[in-house]
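Colleague: dropping the sequence and predicted coords here.
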Amino acid sequence: RGDDTAEVYLLGACVTSYKTGGTEWLAVRPDAKLDGSKPISGGLPHCFPQFGPGEIQQHGFGRNLDWKLVGGDASSCVMELTDNEVTRAMWPHSFRVEYKVSLEKDQLATTMTVKNTGKDDFTFTTALHSYYDVDSVDTCKITGDFKGASKLDKTQDPPAETKGEDDTVTISKFTEEIYNSVLPGKVTLTDPTKGDLAIVSGGGWKDVVIWNPYGDKNMGADKFVCVESAVLEAVPVKPDGTWEATMNLVPKAK
């Protein structure tokens, strides 16, 4: 759309690039594989129907499988994932997930819809494991409604439950923090070199996960930060019921 471009892989329905005026806002790790041998480590990968560890494989299967292109045009695409033998072997439910990605005026818009196509209730958790490009993780800051929010620091053993101390988060060490019930709303990633990226999450998104494997050169940790839109409390969906969430990226380059 004009000077704006996006790149999307059907593997995991993963958006791997979003550029405005030549400025890249998404990051793909240098150790990422784009040949289908593993989920893509970068961009906007899906964790569905499970975030993190649990009864099935880490982060579920949504990021591991090829989605089907079912619609779109020059500046948008609509993809779907439905249950099959692979998914039912892990998670015995019938479902349809639709993911729409659109280049709109001054933003990248995404909508994720989960429908229960079976006869029984099911629950799920999900997240967009979003990787954002930064000039240096040491100089960026992440701003949102974090102060006073329930916070889980997963770098502690056992994980430490506290409250957010400030609305601004900076990265200076290995970081894995979960801020509960701070969405729907906006989180802004500020890079003094590039500008601001507003991450506007609506609908069913509730939680924010901030992750960076600080110091890991193989992962390219200095050049990205994950600010993830998530829903980490199990979402119940009845037969023929749906859950929907939107997440839009609104950049303001320097």
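Modeller: Now that the structure is in, tell me what you want to look at.
Colleague: ok, Ile178 - contacts?
Modeller: 151-152, 154, 207-209, 230, 232 (C-beta atoms under 8 Å, 6 or more residues apart in numbering). Any C-beta I mention is one placed from the backbone N, CA and C, and that applies to glycine too.
Colleague: if we go to 6 Å?
Modeller: Shown in contact with Ile178 (C-beta atoms under 6 Å, 6 or more residues apart in numbering): 152, 209.
Colleague: would you map the strands across the stretch 101-250 of the chain?
Modeller: With DSSP state E, counting those that start in this stretch, the ranges of strands along the stretch 101-250 of the chain come out as 107-116, 122-128, 131-133, 141-143, 150-153, 160-163, 168-170, 175-179, 185-191, 195-203, 207-212, 224-237, 242-253.
Colleague: quick one, which of those is nearest to Thr23?
Modeller: strand 242-253 (4.9 Å; C-beta to C-beta).
Colleague: what does the pLDDT read for the closest residue to Asp133 other than its chain neighbours?
Modeller: Distances taken as C-beta to C-beta, 6 or more residues apart in numbering put Ala27 closest to Asp133, at 4.1 Å, once the chain neighbours are dropped. Ala27 is assigned 98 on the pLDDT scale.
Colleague: which ones are touching Leu249?
Modeller: Leu108.
Colleague: same check on Gln107?
Modeller: Remark: with contacts taken as C-beta under 6 Å, 6+ apart, Gln107 is in contact with 248, 250.
Colleague: and the one 10 residues further on, by the same measure?
Modeller: Taking C-beta under 6 Å, 6+ apart as the contact definition, Thr117 lies against 94-96.
Colleague: out of these, who's the most crowded?
Modeller: The most crowded member of these is Phe95, carrying 20 neighbours; neighbours defined as other C-beta atoms under 10 Å.
Colleague: per-residue confidence for that one?
Modeller: On the pLDDT scale, Phe95 gets 98.
Colleague: same thing with the one 10 residues further on?
Modeller: pLDDT recorded at Lys105 is 93.
Colleague: now stretch 32-44: buried residues?
Modeller: Buried residues in stretch 32-44, defined by neighbour count with 16 or more other C-beta atoms under 10 Å: 32, 39-44.
Colleague: narrow those to those in strands?
Modeller: Taking DSSP state E, every one of the buried residues of stretch 32-44 sits outside strands.
Colleague: okay, and the beta partners of the closest residue to Ile40 other than its chain neighbours?
Modeller: Nearest residue to Ile40, sequence neighbours excluded (C-beta to C-beta, 6+ apart): Cys14, at 4.7 Å. Bridge pairing for Cys14 (DSSP bridges) gives the partners Tyr9.
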